[in-house]
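> output the structure for:
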Amino acid sequence: MDVNLDESGITLVVVYLCSLLFIGYLANRARREASLKDYYLAGGSLGVVGMFFTLYATQYSGNSFFALPGKAYREGIMATAFIIGIMSVVLVYLTYAPRLHRIAKQQQFISVGDFIRWRYDSTALLVTVNAIFLVTLITFILGNLKAVGLLLDTATAGMIPFAAGIILICLIMAIYETLGGMRSVVWTDIIQGLMLMSGSLLIFISLLIARDDGVMNQPAQLLTATGDFFAQPLLTIELFSLIALFAFGAGVYPQAIQRAYAARSVGVLKRSYLFMFFMPLVTTAPLFLIGMSAADWFPDLQGSDTEQVVIYAIGDLLEGGGYLRWLLPLYLGAAIAAIMSTIDSALLTMGSIINKDMIASKQPGLSQSRLHQLGMLLTWIMMATMAFLAITLPNSIWSLLVLKLEIVIQVFPTVIAGVYGIAVRPRTLVIGLLCGCAAAVCLRWWPGLSPLPDIHAGIWAFGLNVCVIFLLHLLTPQREPIASSPG
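Numbers count the residues shown, from 1 in each chain. The predicted structure follows:
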């Protein structure tokens, strides 16, 4: 199916990408000091607007524009778990993030590992948690890089090939992130968040009200159809399993935890979360409806083509010409904005783990200025590595999304126990983490081992993790006090 941007559309996308470089330049000029706190946390002074948009733009990514419509196309009503799960994530944040923010301000945390080190004083636990977070961040970045490569390749009818699109986007992100660190990321997130919010709504409304001119296959009727997908049962075990995976897994994304450090105050954090709770209704819900209806509109899509149904729907409308020409550049810009805002945040958090927890801890004599320079160098090294892996690895976007959730959810007990000062031995948490991750990988590779296939591997693994921690906590004498108490 041919979908192609015209010259004006390409010009708009180029202008948008160039504006991000300019923002990186401005963020560099606004830098207060050459330190890790300034580079990775923007000085820890984000207000409501900056905090909301960086949370919003980071939360919604290529998964929203590709994986969600693709899931809705293939499995229908089951994809509502994505929407409910994202709303539930905010509730999970509220259970621990305000308390964590207070601790982080008192202890001057920069990386997620700073909290683990302060709370548990265990190298083994720090290494285990950071390894899980790095795997999560890598799969997070790879899934979104694949999404942007597919997007540019499809939207330009091959004019920008898959690999070239990934390299182009990586180059732009590396430049502006190197220039301004988290300040660049937050400032670009404001623009990207506005594009994401307006783009998803306007595209849905345009598809809904578009007139049938004999070419468009009656998209308005299809978008409001009640086909077989709507006849599926909603309250299923698989649905609740997927919601839990989203809520508890995404609730401890390392980049989300780090953003709790960057807020100016607890009040700023809570107000930002309140606005975030309602965002799925105006962002993911419209894309979900398009994906569901596209199963009737384009009934023969297979494989990765299902994750591009929104582009195909727009392309079908473009055949009618007229005022709808702006739809494709709008979608392209909104999707690129969502993808880039997610990647740059994950990359920044990954850099803080490597720089602060691995390099600075081993080289305490390094100055803040030198560590700041290493952070910029790490940005380029990591971006080049991620671009190469995204081009060469075959995984689909949805499979990468589920994989990272099944792994990162295992950290949830460690984070909650740490924030609330529950006296659990670090060794117990390490064993629980390792058992949970091993179970998640085994059940993913050999799904036949699952006692109930409708429950995701990550949920079974999470249950095993919690059981192991609970049993070891009961059976092992508490001979050592917890390292620190949050108060």
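> which element is the residue nearest to D305 when sequence neighbours are not counted on?
Excluding the flanking residues, the one nearest D305 by Cβ to Cβ, 6 or more residues apart in numbering is Y312, at 7.8 Å. No exception for glycine: its C-beta is placed from N, CA and C like everyone else's. Using DSSP states H and E, the element containing Y312 is helix 309-318.
> for F412, same thing?
Taking DSSP H and E as the definition, F412 sits inside helix 412-419.
> ok now that helix, how far from the chain's centre?
21 Å (Cα atoms, centre = their mean, to the nearest Å).
> so which bits of it are buried?
Neighbour counts over helix 412-419 (16 or more other Cβ atoms under 10 Å) mark 412-419 as buried.
> show me the shaky parts of the stretch 301-450 of the chain.
Where the stretch 301-450 of the chain drops to pLDDT under 70, the residues are 304, 317-328, 394-401.
> show me where it has helices.
Under the criterion DSSP state H, counting those that start in this stretch, helices of the stretch 301-450 of the chain are mapped to 309-318, 327-352, 368-392, 397-408, 412-419, 426-445.
> so which elements touch the shortest one?
To tie it back to what came earlier, the one meant is helix 412-419. When contacts are defined as 3 or more Cβ pairs under 8 Å, 6 or more residues apart in numbering; DSSP states H and E, helix 412-419 sits against helix 80-107, helix 112-120, helix 426-445, helix 457-475.
> for it, which outside residues touch it?
The contact list for helix 412-419, computed with Cβ atoms under 8 Å, 6 or more residues apart in numbering, reads 95-96, 99-100, 103, 115-116, 119-120, 125, 129, 248-249, 251-252, 257, 422, 424, 429, 432-433, 462, 465-466, 469, 486.
> and the angle for that helix with helix 80-107?
Interaxial angle of helix 412-419 relative to helix 80-107 (axes from the mean of the first three to the mean of the last three Cα atoms, to 10 degrees): 30 degrees.
> and the angle from helix 412-419 to helix 112-120?
Here helix 412-419 runs at an angle of 60 degrees relative to helix 112-120 (the same axes, to 10 degrees).
> M279: which of the helices and strands packed on helix 412-419 is closest?
With respect to M279, and counting by Cβ to Cβ, the nearest of the helices and strands packed on helix 412-419 is helix 80-107 at 7.9 Å.
> buried stuff in that closest one?
80-90, 92-93, 96-104, 107.
> quick one, helices of the stretch 151-300 of the chain?
Under DSSP H, counting those that start in this stretch, the stretch 151-300 of the chain gives helices at 162-209, 219-223, 237-250, 254-262, 266-277, 284-297.
> let's test this: mean pLDDT of the longest one, rounded?
Which is helix 162-209. Mean pLDDT, computed over helix 162-209, is 81.
> what angle separates it from helix 327-352?
Using the same axes, to 10 degrees: helix 162-209 against helix 327-352 is 130 degrees.
> and helix 162-209, how far out from the chain middle?
The answer for helix 162-209 is 13 Å, by Cα atoms, centre = their mean.
> cool, and stretch 74-94?
Distance, stretch centre to chain centre, for stretch 74-94: 13 Å (Cα atoms, centre = their mean).
> over to stretch 32-46?
Computed by Cα atoms, centre = their mean, the separation of stretch 32-46 from the middle of its chain amounts to 22 Å.
> number of residues surrounding the nearest residue to V282 once chain neighbours are set aside?
Nearest residue to V282, sequence neighbours excluded (Cβ to Cβ, 6+ apart): L201, at 5.7 Å. L201 has 16 neighbours, counted by other Cβ atoms under 10 Å.
> isn't L201 up against M279?
No: with contacts counted by Cβ atoms under 8 Å, L201 stays clear of M279, the gap being 11.1 Å.
> one step back: show me what the helix holding Y312 is packed against.
The contact analysis (3+ Cβ pairs under 8 Å, 6+ apart) places helix 309-318 against helix 68-75, helix 123-155, helix 162-209, helix 219-223, helix 284-297, helix 327-352.
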